[in-house]
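Trainee: Got a sequence here, can you build the structure:
(chains A, B, C and D)
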Protein chains: 2
Amino acid sequence: MNQHAYSIDGLTKNQSLVMNELSKAGGPLGAYAILDQLRDRGFRAPLQVYRALDKLVEAGLVHKLESLNAFVACRQPGCEGHETTVFMICETCGQTTEISDTALAKRLKKLAGDFEFGLRETTIELRGTCHLCSTN
Amino acid sequence: MNQHAYSIDGLTKNQSLVMNELSKAGGPLGAYAILDQLRDRGFRAPLQVYRALDKLVEAGLVHKLESLNAFVACRQPGCEGHETTVFMICETCGQTTEISDTALAKRLKKLAGDFEFGLRETTIELRGTCHLCSTN
DNA sequence: AGCGTAACGTTATCTTATCACATAGTTGTG
DNA sequence: CACAACTATGTGATAAGATAACGTTACGCT
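Mentor: Okay, the predicted model is just below:
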């Protein structure tokens, strides 16, 4: 946690702070939860968080979970399959698992192609109960 | 438009009014847009809309588009493939296309199975440009 | 009629997200 | 250096989405 940690990756200070919070959390966080965490670091308004999140999502470092209106740090280092990532969201413990599946991606591309649909981005979110929660 | 139109399908008056708006629109509408449309029919608060929407979604007559925070009337009469419906959302014209794909559904089930994930609901939304908008 | 349940109405409140506008830092160019 | 162009920031206000809490009305049933 050195004072210049944020300069790695070419992120700005705000972007870094948000990124760190998401990484630390290890799970999805709402924008306002992030804001609260960062109040003592100088954050005062939602827009500061949203602006940072926008950039981070753009950079592929963070994903938005549409069905939760929340954000999560990307777990995949390279993150190439970024366009078609599947999220499994446990409704009991809140944990999310991020997986890339080539077959699925192919199928979606084919579907889009069939409809001559210019695919830009996909959202695939599975909600249910994770293994751990269903056994306990 | 007769005065008892709402009684078909066993819907209540409010549910019917909301359903009619969504059908009329032919595309996704936000809850507050629906509310505004129905003000002169007696609607006064968001909750009236949300309650109706809850029931309609439950009944499989309406889908929620998570990435838009909006709702759309279901196009598929029987609507069996309801659990794994793919939405293609045109970011230019706002139109949505609803498709069911068995191969995709199977693949998702397999993925969930691999992770011993108890699948309850899936959200699959493709955003991009529809054929019409990309040619014009 | 009496009971239970589902739907409704209303107000307030909470959460999520964006607008508008002013300011400051950064970079590239002449 | 000076300037323009761009990017990021700070701040206050407000829009848009969703739910809580509470009481009331309508409906189905025996």
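Trainee: Give me every residue in chain A lying close to DNA strand C.
Mentor: Chain A has residues A:30-33, A:45-47, A:50, A:69-70 near DNA strand C, with proximity defined as CB under 7 Å from any atom of the strand. For the C-beta atoms, the positions are set from N, CA and C on the backbone; glycine is no exception.
Trainee: could you redo the last one with a cut-off of 6 Å?
Mentor: Residues of chain A found near DNA strand C (CB under 6 Å from any atom of the strand) are A:30-32, A:46-47, A:50, A:69.
Trainee: Most widely separated two among these?
Mentor: A:47 and A:69 (16.1 Å; CB to CB).
Trainee: Just the strands from chain A, written as ranges.
Mentor: According to DSSP state E, chain A carries its strands in the segments A:62-65, A:70-73, A:85-90, A:96-100, A:118-129.
Trainee: one step back: and chain B, which of the residues of chain A next to DNA strand C reach it?
Mentor: For chain B, the contacts drawn from these by CB under 8 Å from any CB of the partner chain are residue A:69.
Trainee: Quick one: buried ones out of the residues of chain A next to DNA strand C?
Mentor: residue A:31 (16 or more other CB atoms under 10 Å in any protein chain shown).
Trainee: Of the residues of chain A next to DNA strand C, which belong to helices?
Mentor: Residues of these located in helices (DSSP state H): A:31-32, A:46-47, A:50.
Trainee: As CSV, those with distance to DNA strand D and pLDDT would be great.
Mentor: Converted to CSV, these look like this (distance: CB to the nearest atom of the strand, whole Å; pLDDT from 0 to 100):
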residue, distance to DNA strand D, pLDDT
A:31, 11, 98
A:32, 11, 98
A:46, 6, 97
A:47, 4, 98
A:50, 9, 98
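Trainee: nearest to chain B, of the residues you listed?
Mentor: residue A:31 (14.2 Å; CB to the nearest CB).
Trainee: okay, now the closest residue to the closest one other than its chain neighbours: neighbour count?
Mentor: When the adjacent residues along the chain are set aside, residue A:31 lies closest to residue A:49, with 4.8 Å between them (CB to CB, 6 or more residues apart in numbering or on different chains). The burial count assigned to residue A:49 is 25, neighbours taken as other CB atoms under 10 Å in any protein chain shown.
Trainee: how much space between residue A:49 and residue A:66?
Mentor: Distance, residue A:49 to residue A:66, using CB to CB, to the nearest Å: 17 Å.
Trainee: Over to residue A:129?
Mentor: 20 Å.
Trainee: show me what contacts the residue nearest the centre of chain A?
Mentor: For chain A, the residue nearest the mean C-alpha position is residue A:63 (2.2 Å; CA atoms, centre = their mean). By CB atoms under 8 Å, 6 or more residues apart in numbering or on different chains, residue A:63 lies in contact with A:57, A:71-72, A:74, A:85, A:87, A:98.
Trainee: residues contacting the residue nearest to residue A:104 when sequence neighbours are not counted?
Mentor: Sequence neighbours aside, residue B:107 is the residue nearest to residue A:104 in space, at 5.2 Å (criterion: CB to CB, 6+ apart). Contact analysis of residue B:107 by CB under 8 Å, 6+ apart lists A:101, A:103-104, A:107.
Trainee: Dump those residues into a markdown table; add distance to DNA strand D and pLDDT as well.
Mentor: Shown next, in a markdown table, are those (distance: CB to the nearest atom of the strand, whole Å; pLDDT from 0 to 100):
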| residue | distance to DNA strand D | pLDDT |
| --- | --- | --- |
| A:101 | 27 | 93 |
| A:103 | 31 | 94 |
| A:104 | 26 | 95 |
| A:107 | 28 | 96 |
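Trainee: Are any of the residues you listed buried, and if so which?
Mentor: Of these, these count as buried by 16+ other CB under 10 Å: A:101, A:104, A:107.
Trainee: Sort out which of those residues are in helices and list them.
Mentor: A:104, A:107.
Trainee: Let me know the closest of the ones in helices among the residues of chain A next to DNA strand C to residue B:121.
Mentor: Distance to residue B:121 across these (CB to CB) is lowest for residue A:31, with 23.6 Å.
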